[in-house]
Structure formats: C-alpha cells, structure tokens
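*Asks:* fold the stuff below for me.
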Amino acid sequence: MSTVQPAPLEPSSVELADIVAARPRPLLVGLDVDGVLAPIVERADRAALLPGVTEALLDLVPHVTLAVVSGRSVADLEARYGFPAGVTVVGSHGLETRGLDTVALDEREQRRLDDLTALASAAADAAGAGAWVEHKPASIVLHVREADPATAEPAATRLHQRAGEVPGAHVKHGHEVVELMVRPTSKATAVADLRARHGAATVVFVGDDRTDEEVFATLAPGDVSVRVGPGETLAAHRLPDPPAVLAWLRALPSRL
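*Replies:* I've put the predicted structure just below:
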C-alpha cells in the first residue's frame, strides 16, 4: 500500500531557526546554491548571491559545520560566488570538493564524455536559439531555460533517450537542464560523507531542485529538510524563496 507524503510545514524563517536550534548537536548545515542562496536566473552564468548571504554565512561558521552542495563545478562556484573560508564547497553533485584533488577521468570515461558532449551539442542545436551547453570536469549540461519550449522539450527528451544508450552514462535533471555524467554521484552521498566525516548528530539540508530531493529522501527522522519554493517534495519544511533563506540564516546564529 502506498503512503501519502505529508505536506511540508511552512514555518517563518525565525520559527525554522528555533526548530534547528532545538536539534541535537553538532549540526551540519548543507545548502544548495541556485534557488537557495542565489535566485534562479535565465542563464546560470548570470547568477549572483543575494546581498548579505556571505556575511550571514560568516556569522554561522563558528557554530556549525557549514557546506554548500551544488551541481555547479567547484571552479564555477569559486569564480562566481567566492564562498568564504570555513565553508566546505562541494561541487558537481559530490564529485568535487574545494581544496581536494580535481576529478581525473580514465580513458573510458573521457571517451564517454566526448560521446555525451557530441549528443548535448546536437541537442542544443535541435532546441534552437537560447539553448546552450555547459562543460564540467565529469559531465556535460544542456540548458534550455531560454529556448522555445516547443523545440526545447523534445530535444531534451531525445537527449535523455540517446544518453541512456551510452554505456556507463548517468542522467540528472534540474530546472530546465539535462546533465549527462560519466560516473555515478549524488548530493545524498556527498551529504552522508560530510555527516560521517564531521560526526554530525543532526543534518539540516536546504534545497530547491530534483537533485536535492535525493538528499531529503535519505535524511534521518531527527534531521531537518527544507524545500525552497513550490513543487512536490519529500522535505518536512518549506521556505518560499531565497530571501526567506537569508532571513533564516541571519536568525540562526543567535540561537546556537
């Protein structure tokens, strides 16, 4: 018998800070970036953190283990956002961590990436004006947010199908993006590794996308899961938008 997922609670930012502060410590706070700390924009290369986010993160660092866990590459996160020291930066859905060795592909993975890059480039052409391709160390991403849905949607669907025919390829979907990866990874695995590494008694994770649902699905009953924005979710709580996340970040340190 299937179970119905309860609707997430919708506390205010201050109420959510009180909920988190009441959880057993030490705390690991994990944050997606786009749609959480930075508003979603038409092109990913135009994104920016909300004013005040960096200062709020710096205020929180002394009290918790703080990590951003993003689908963006670490190089992109560093160049675009410049997260302060004391924040663990995890990119490429867990394949990369700031300060550690970069992703090294073996010959089979490189051939796989070349094949997937060709497929994504063809899909961008089929999707038409506004579609573009992003290159990462172990993946290729088709972005169609600015393209005409009449051509973008079938192109993205076809890309998913064609990528599934490439041995060893893995497909992830986000906000009007299709990412083709040469090896398996997930934010859920990355967060689990962070929990073990830092001995966190409670994990708090805040996200807004399909890949964040993978984390919500694996959190323990005493953890705190927060979906940002609308949409079906496994998270127990919801905040409406990035400004509400920023208000929560600002409220939390004084309660810890």
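*Asks:* neighbours of the nearest residue to Tyr81 once chain neighbours are set aside, how many?
*Replies:* Leaving out its chain neighbours, the residue that sits closest to Tyr81 by CB to CB, 6 or more residues apart in numbering is Leu49, at 5.6 Å. Placement of C-beta: from N, CA and C, glycine included. Counted with other CB atoms under 10 Å, residues neighbouring Leu49 total 19.
*Asks:* ok, now which ones touch Leu49?
*Replies:* Residues near Leu49 by CB atoms under 8 Å, 6 or more residues apart in numbering: Val33, Leu37, Ala38, Tyr81.
*Asks:* swap in 6 Å and give it another go.
*Replies:* Taking CB atoms under 6 Å, 6 or more residues apart in numbering, we find Leu49 in contact with Leu37, Ala38, Tyr81.
*Asks:* I'd like those residues as CSV, with pLDDT, distance to Leu95 and neighbour count appended.
*Replies:* What follows is these, written out as CSV (pLDDT from 0 to 100; distance: CB to CB, whole Å; neighbours: other CB atoms under 10 Å):
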residue, pLDDT, distance to Leu95, neighbour count
Leu37, 98, 20, 26
Ala38, 96, 21, 20
Tyr81, 95, 18, 22
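*Asks:* tabulate those residues (CSV), appending secondary structure and distance to Pro167.
*Replies:* Below are these laid out as CSV (DSSP: H, G, I helix; E, B strand; the rest coil; distance: CB to CB, whole Å):
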residue, secondary structure, distance to Pro167
Leu37, coil, 36
Ala38, strand, 35
Tyr81, coil, 35
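*Asks:* between the residues you listed, which is nearest Leu249?
*Replies:* Among the contacts of Leu49, Leu37 lies closest to Leu249 (CB to CB), at 8.5 Å.
*Asks:* go ahead and confirm the closest one touches Pro51.
*Replies:* No - with contacts defined as CB atoms under 6 Å, Leu37 does not count as touching Pro51, sitting 11.2 Å away.
*Asks:* output stretch 244-256 in PDB with nothing but the alpha carbons.
*Replies:* Extracted C-alpha coordinates of stretch 244-256, given in PDB (Å, rounded to 0.1, in the frame of the first residue of the first chain):
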ATOM      1  CA  ALA A 244      13.400  33.800   3.400                       C
ATOM      2  CA  VAL A 245      16.500  31.500   3.400                       C
ATOM      3  CA  LEU A 246      18.700  34.600   4.100                       C
ATOM      4  CA  ALA A 247      16.400  35.700   6.900                       C
ATOM      5  CA  TRP A 248      16.700  32.200   8.400                       C
ATOM      6  CA  LEU A 249      20.500  32.200   8.100                       C
ATOM      7  CA  ARG A 250      20.600  35.600   9.900                       C
ATOM      8  CA  ALA A 251      18.300  34.400  12.700                       C
ATOM      9  CA  LEU A 252      20.100  31.100  13.400                       C
ATOM     10  CA  PRO A 253      23.500  32.100  15.000                       C
ATOM     11  CA  SER A 254      21.900  33.900  17.900                       C
ATOM     12  CA  ARG A 255      20.000  30.800  18.800                       C
ATOM     13  CA  LEU A 256      23.000  28.400  18.800                       C
END
